[in-house]
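# need a structure here:
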Amino acid sequence: MLKEIQRIKSEGDFEAGKKIIEEYGVKINAQLHAEILERYAKLNLAPYTGFVNPMLIPLYNAGGEITILMLSI
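A predicted model of the protein is given here:
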């Protein structure tokens, strides 16, 4: 399958890529999915965050120019 994915990427074969996604990326086993959700709920974990957007806080001098840029999460 990796060979086919590499071919699709290299050639830009949209239809073949669409076919793989529809075959393997969209259809799920509902019973297995429910089991996974049940197991995960028992772990009492906070949801995973993939990226934290920082807040940038500019500090200005008397002339109105930014002299320091503070980073806050």
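# all contacts plus neighbour counts: C-alpha atoms, from now on.
OK.
# where does D13 land on pLDDT?
The model reports D13 with a pLDDT of 95.
# Tell me how many other residues surround it.
By other Cα atoms under 10 Å, 12 other residues sit near D13.
# Excluding chain neighbours, what is closest to it?
Sequence neighbours aside, R7 is the residue nearest to D13 in space, at 8.0 Å (criterion: Cα to Cα, 6 or more residues apart in numbering).
# ok, longest helix in this protein?
helix 30-43 (DSSP state H).
# quick one: contacts of that one?
Where contact means Cα atoms under 8 Å, 6 or more residues apart in numbering, no residue beyond helix 30-43 reaches it.
# Next, the spatially most central residue of the chain: secondary structure please.
By Cα atoms, centre = their mean, the chain has its centre lying nearest to G50, at 6.2 Å. What DSSP: H, G, I helix; E, B strand; the rest coil gives for G50 is coil.
# Kindly provide the distance from it to K42.
According to Cα to Cα, to the nearest Å, G50 and K42 sit 22 Å apart.
# now the helices for this protein?
Taking DSSP H, the helices of the chain run over residues 2-11, 14-20, 30-43.
# export the longest one as CSV, just CAs?
This file holds the C-alpha atoms of helix 30-43, laid out as CSV (Å, rounded to 0.1, in the frame of the first residue of the first chain):
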residue,chain,number,x,y,z
ALA,A,30,-19.0,0.6,14.4
GLN,A,31,-18.7,-2.1,17.0
LEU,A,32,-14.9,-1.7,17.3
HIS,A,33,-15.3,2.1,17.4
ALA,A,34,-17.7,1.9,20.3
GLU,A,35,-15.4,-0.4,22.1
ILE,A,36,-12.5,2.0,21.7
LEU,A,37,-14.6,4.9,22.9
GLU,A,38,-15.6,2.9,26.0
ARG,A,39,-12.0,1.9,26.9
TYR,A,40,-10.9,5.5,26.4
ALA,A,41,-13.6,6.9,28.7
LYS,A,42,-12.4,4.7,31.5
LEU,A,43,-8.9,6.4,31.4
